[in-house]
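A.B. asks: output the structure for:
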Amino acid sequence: MNRYCFTLDLKNDDKLISEYEAHHQALWPGVRQSFADAGVRDIEIYRTGTRLFMIFEVNENFSFERKNEIDRNNPDVQKWEALMSTYQQAAPGALAGEKWILMKKIFKL
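C.D. replies: Next up is the predicted model:
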């Protein structure tokens, strides 16, 4: 199983951060299904301040291209992403239009 780690920042607003976390406690079924269809087996998101850290654990069939195609064709994912964008802002170093940034692994014990 492969693991990918990403980072993203939230807008610095306690009310918005609380809302963002509440949305993730009630993830929409269509969004959940999109992850499963793409081969994502598990996701964890951690937060410190406004910085988020997300871990994807994926199966051998996962590819970013396939995940992007599945997401583009899923209206629930499109609505979810639009809603989440109201809470998110690009992390330092993000390219224009980039949200979650894939992180480079630099150490493993």
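A.B. asks: shouldn't H23 be in contact with T86?
C.D. replies: No: here H23 does not reach T86: they are 10.2 Å apart, not a contact under C-beta atoms under 8 Å. Yep, even glycine has a C-beta here, placed from its N, CA and C like the rest.
A.B. asks: of these two, give the one with the bigger neighbour count.
C.D. replies: H23 (15 against 10; other C-beta atoms under 10 Å).
A.B. asks: that one belongs to a helix, doesn't it?
C.D. replies: Yes: assessed with DSSP: H, G, I helix; E, B strand; the rest coil, H23 lies in a helix.
A.B. asks: can you check the pLDDT for it?
C.D. replies: As predicted, H23 sits at a pLDDT of 97.
A.B. asks: where in this structure is pLDDT low?
C.D. replies: Counting by pLDDT under 70, the chain shows no low-confidence range.
A.B. asks: any chance you could map the strands in it?
C.D. replies: The residue ranges that make up the strands of the chain, judged by DSSP state E, are 2-10, 40-48, 51-58, 88-89, 101-102.
A.B. asks: in TSV, list these along with mean neighbour count and distance to E69.
C.D. replies: Compiled in TSV, those are given as follows (neighbours: other C-beta atoms under 10 Å; distance: least, C-beta to C-beta, whole Å):
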stretch	mean neighbour count	distance to E69
strand 2-10	16	17
strand 40-48	12	14
strand 51-58	17	15
strand 88-89	16	22
strand 101-102	14	18
